[in-house]
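> fold the following for me, if possible:
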Amino acid sequence: FECKVIAYDKYKTSYSDKFATQCSLEELFSQTDILSLHVPLTGETNNMINADFIGKFSHPFYLLNTSRGKVVSLHDLVRAMQEKKILGCGLDVLEIENFNQQINITPSQKQDMQQLYNMKNTVITPHVAGWTVESYYKLASFLADKIIEVLGASRCEPHL
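Numbers count the residues shown, from 1 in each chain. I've put the predicted structure just below:
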């Protein structure tokens with residue numbers, strides 16, 4: 001896309017290459033037009049993207065989250081989008097994406113989810129950002145093996 005890619009990692013250093021340039025957190029806040037998240041869910045990253053974090057950016061930006069839903073505070077995301085601090089978002093994961101969580105959703109969470117769904121500058125996908133042709137094949141093969149194991153049949157070789 002002929003863009004400059006910068007990356008921040010709190011724990012890694014010396015990882016710049018021809019695809020991405022290592023930067024400080026301050027540089028990330030001042031230079032980012034599109035923030036793409038690639039972090040695990042830990043105590044440290046839970047609700048990492050919140051009002052305080054968003055407020056540190058020098059200008060509005062787009063947010064992409066393909067990591068874990070709880071990394072982004074849903075409430076703070078909706079507010080930042082209403083205030084145009086976040087120009088739009090692409091979410092492959094949501095803070096509330098587990099069916100059991102949806103049963104116990106609070107009225108405030110329900111309102112935030114409804115507002116997010118109604119925003120025209122939001123794209124939500126069903127947690128498939130990492131899927132490839134190969135991963136589909138691997139998943140199908142794994143499931144077929146489990147079905148065959150349960151049914152007691154012999155494994156059939158795939159026809160590709």
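
> figure out how far stretch 129-141 is from the centre of its chain.
Relative to the chain's own centre, stretch 129-141 is displaced by 18 Å; criterion: C-alpha atoms, centre = their mean, to the nearest Å.

> how about it: buried residues?
By neighbour count with 16 or more other C-beta atoms under 10 Å, stretch 129-141 contains no buried residues. Yep, even glycine has a C-beta here, placed from its N, CA and C like the rest.

> which residues of the protein score low on pLDDT?
98-102, 153-160 (pLDDT under 70).

> show me where it has strands.
In the chain, the strands defined using DSSP state E lie at 6-7, 21-22, 34-37, 61-65, 86-91, 122-124.

> now the ones you listed as a markdown table including distance to Glu44 and mean neighbour count?
Shown next, in a markdown table, are the strands of the chain (distance: least, C-beta to C-beta, whole Å; neighbours: other C-beta atoms under 10 Å):
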| stretch | distance to Glu44 | mean neighbour count |
| --- | --- | --- |
| strand 6-7 | 18 | 16 |
| strand 21-22 | 20 | 14 |
| strand 34-37 | 13 | 16 |
| strand 61-65 | 16 | 20 |
| strand 86-91 | 21 | 20 |
| strand 122-124 | 25 | 15 |
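
> so can I have CSV of those showing distance to His75?
Output for the strands of the chain, formatted as CSV (distance: least, C-beta to C-beta, whole Å):
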stretch, distance to His75
strand 6-7, 27
strand 21-22, 32
strand 34-37, 17
strand 61-65, 14
strand 86-91, 13
strand 122-124, 15
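
> to Gly55, which of the ones you listed lies closest?
Of all the strands of the chain, the one in closest proximity to Gly55, counting by C-beta to C-beta, is strand 86-91 (11.1 Å).

> that closest one vs strand 61-65, what angle?
Using axes from the mean of the first three to the mean of the last three C-alpha atoms, to 10 degrees, the inter-axis angle of strand 86-91 relative to strand 61-65 is 10 degrees.

> list the contacts of strand 86-91.
For strand 86-91, contacts defined as C-beta atoms under 8 Å, 6 or more residues apart in numbering pick out 54, 60-65, 69, 72, 77, 80-81, 121-125.

> could you redo the last one with a cut-off of 10 Å?
33-37, 49, 54, 57, 59-66, 69, 72, 74, 76-81, 97, 116, 119-125, 127, 129 (C-beta atoms under 10 Å, 6 or more residues apart in numbering).

> ditto for stretch 7-24
Under C-beta under 10 Å, 6+ apart, the answer for stretch 7-24 is 4-6, 25-32, 35-36, 38-39, 44-45.
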